[in-house]
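> Predicted coordinates and the sequence they were generated for:
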Amino acid sequence: MPMFRKRPIVIEAVQWNGLDEQAVADFVGTDRDLVTNHEGAMFIQTLEGKMRADTGDWIIRGVKGELYPCKPDIFDATYEGIHGDAVRRGTDRETMTGMIDYLKTEPGGIYSPAPEGDDTAKPGKS
């Protein structure tokens with residue numbers, strides 16, 4: 001049976017976190033019709049019609065400017081960050097809470113306590 005490999009292409013993508021509709025709107029452009037519902041799903045106009053993007057899904061801009069949602073497991077298996085762009089994974093609330101909890105305990109993390117008497121290391125201080 002003939003075998004094929006996907007060509008290496010560069011795409012732009014943003015991950016829908018269920019909260020920041022403006023970030024997705026900025027990415028897709030103001031001429032696109034975006035609709036969210038109470039479940040955190042976003043509906044985006046694609047070449048195939050309106051498609052649903054759930055929390056955690058990626059919105060991809062293809063090689064011809066087309067937009068489409070992609071499930072995180074497919075995105076992880078297909079794409080990797082380039083030019084130092086780390087792929088941000090797991091932006092759902094549970095994962096974000098876990099990341100914040102980790103940063104609170106990580107020595108030197110942005111949420112770790114400042115050394116005694118030093119308030120310059122606290123967030124918001126310069």
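Nice, I can see it. Numbers count the residues shown, from 1 in each chain.

> Give me the contacts around stretch 19-26.
14, 16, 17, 32, 34, 36, 40, 42, 44, 59 (Cβ atoms under 8 Å, 6 or more residues apart in numbering). No exception for glycine: its C-beta is placed from N, CA and C like everyone else's.

> Now do the buried residues in it.
residue 24 (16 or more other Cβ atoms under 10 Å).

> what's the average pLDDT for it?
Mean per-residue pLDDT for stretch 19-26: 86.

> Next: stretch 1-15.
88.

> returning to that earlier point: in helices, which of the contacts of stretch 19-26 appear?
Using DSSP state H, no member of the contacts of stretch 19-26 falls in helices.

> Any chance of a markdown table for those, columns neighbour count and distance to residue 71?
Converted to a markdown table, these look like this (neighbours: other Cβ atoms under 10 Å; distance: Cβ to Cβ, whole Å):
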| residue | neighbour count | distance to residue 71 |
| --- | --- | --- |
| 14 | 17 | 15 |
| 16 | 25 | 11 |
| 17 | 20 | 15 |
| 32 | 14 | 20 |
| 34 | 19 | 19 |
| 36 | 16 | 18 |
| 40 | 16 | 15 |
| 42 | 22 | 14 |
| 44 | 21 | 14 |
| 59 | 24 | 12 |
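
> ok, these vs residue 80, which is closest?
Using Cβ to Cβ, the shortest approach to residue 80 within those belongs to residue 14, at 16.0 Å.

> domains for the chain, by residue range?
Split into domains by automatic domain parsing, the chain comes to 12-81, 91-121.

> where among these is the average confidence lowest?
When the domains of the chain are ranked by mean pLDDT, domain 91-121 comes last with a mean of 52.

> residue boundaries of the helices in this protein?
Going by DSSP H, the chain shows helices at 21-28, 72-78, 93-105.

> for the second one, packing partners?
It refers to helix 72-78. strand 58-61 (3 or more Cβ pairs under 8 Å, 6 or more residues apart in numbering; DSSP states H and E).

> Relative to the strand it packs on, what are the paired strands and their orientations?
Here strand 58-61 is paired, per DSSP bridges, with strand 12-15 (antiparallel), strand 67-70 (antiparallel).
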